[in-house]
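Participant: Structure, please.
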Amino acid sequence: MIEFRNLRKEFVLNGRRRVVIDNLNIALPTNSSVALLGRNGAGKSTLLQLISGAMDPTSGEIRSSGSISWPVGFAGSFHPDLTGFQNTKFIARVYGVDTEELAAFVEEFAELGQHYYLPFRSYSSGMRSRLSFGVSMGIPFDTYLVDEVTSVGDMAFREKSQRLFLERMETAGAFMVSHNTEQLRDMCDVGVVLEGGRAIYYEDLDEAIEHHNRNMMGS
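Facilitator: Sure, this is the predicted structure:
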């Protein structure tokens with residue numbers, strides 16, 4: 001289970017205070033696949049980083065009963081001067097999984113070819129997302145955080161990514177950000193709509209998508 005207790009996140013830019021998440025109180029059951037919906041700037045990626053621990057809340061807390069991945073679309077955990085191969089092995093040691101097994105899985109899945117053995121700083125944004133997605137899917141987390149990454153690559157790679165993600169969801173939960181609502185319908189079962197610092201939880205994903213679409217039409 002993941003529970004948000006009085007969660008608040010605000011930023012101060014040019015002397016002005018902006019509240020992104022305001023007093024969020026939601027308890028989500030174990031193994032839920034949650035679609036995060038909201039217009040650009042609503043706080044979806046910020047919430048993912050808060051859940052992962054990559055960013056601290058202004059106040060409140062997040063409690064979890066299981067392990068949580070980093071935001072898959074976020075490549076900040078990789079060292080720019082290490083190769084993809086070296087970064088993968090380093091992360092395997094941090095999370096206590098077999099280094100050779102994870103490195104072999106990522107090499108096959110990410111389809112980076114010789115770039116896998118080149119410094120991470122030389123990667124394109126798509127290559128970084130492939131590496132990040134491969135590493136996170138190769139580690140058995142209880143909750144996966146996914147930020148648009150399954151849209152990376154050609155159709156064959158996207159389909160492969162979706163199949164792997166659905167396999168992981170048989171025994172895990174997820175928070176997923178995507179502008180593709182059909183993809184969210186395929187991969188998620190509940191929804192959270194972020195708007196104006198508030199978050200509204202829907203057990204019916206279609207209702208969440210309808211709410212989001214109304215917000216977008218009114219923007």
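Participant: For residue 80, which residues are in contact?
Facilitator: Residue 80 makes contacts with 119, 120, 121, as judged by Cβ atoms under 8 Å, 6 or more residues apart in numbering. Any C-beta I mention is one placed from the backbone N, CA and C, and that applies to glycine too.
Participant: What does the pLDDT read for it?
Facilitator: We note a pLDDT of 95 for residue 80 in this prediction.
Participant: that's a strand at it, yeah?
Facilitator: No - residue assignment for residue 80, taken from DSSP: H, G, I helix; E, B strand; the rest coil, gives coil, which places it outside any strand.
Participant: Out of the contacts of residue 80, list just those in helices.
Facilitator: Secondary structure assignment (DSSP state H) places none of the contacts of residue 80 within helices.
Participant: what's the closest of those residues to residue 45?
Facilitator: Distance from residue 45 was checked for each of the contacts of residue 80 by Cβ to Cβ. The minimum falls on residue 120, at 20.4 Å.
Participant: My guess is the closest one contacts residue 135. True?
Facilitator: No - Residue 120 lies out of contact with residue 135 (Cβ atoms under 8 Å); the separation is 11.4 Å.
Participant: between these two, what contacts are shared?
Facilitator: By Cβ under 8 Å, 6+ apart, the residues touching both residue 120 and residue 135 are residue 87.
Participant: Please identify which of these two sits among more neighbours.
Facilitator: residue 135 (27 against 20; other Cβ atoms under 10 Å).
Participant: Surely that one is in contact with residue 102?
Facilitator: Yes - applying Cβ under 8 Å as the test, residue 135 and residue 102 come out as touching, 7.1 Å apart.
Participant: Overlap in contacts, the two.
Facilitator: What both residue 135 and residue 102 touch, as defined by Cβ under 8 Å, 6+ apart, is the set 88, 91.
Participant: Figure out how far the helix or strand where residue 161 lies is from the centre of its chain.
Facilitator: Element membership of residue 161, judged by DSSP states H and E, is helix 155-168. In terms of Cα atoms, centre = their mean, to the nearest Å, the centre of helix 155-168 is found 15 Å from the chain centre.
Participant: Identify all contacting residues around the helix or strand just after it.
Facilitator: Using DSSP H and E, the helix or strand that directly follows helix 155-168 along the chain is strand 173-177. Defining contact as Cβ under 8 Å, 6+ apart, one finds that strand 173-177 is touched by 2, 28, 30-36, 44-45, 47-48, 51, 73, 142-148, 165, 168, 184, 187-188.
Participant: Same question for stretch 38-45.
Facilitator: Residues external to stretch 38-45 that are found in contact with it (Cβ under 8 Å, 6+ apart): 9, 20-21, 36-37, 71, 73-74, 147, 177, 193-195, 197, 212, 215-216, 219.
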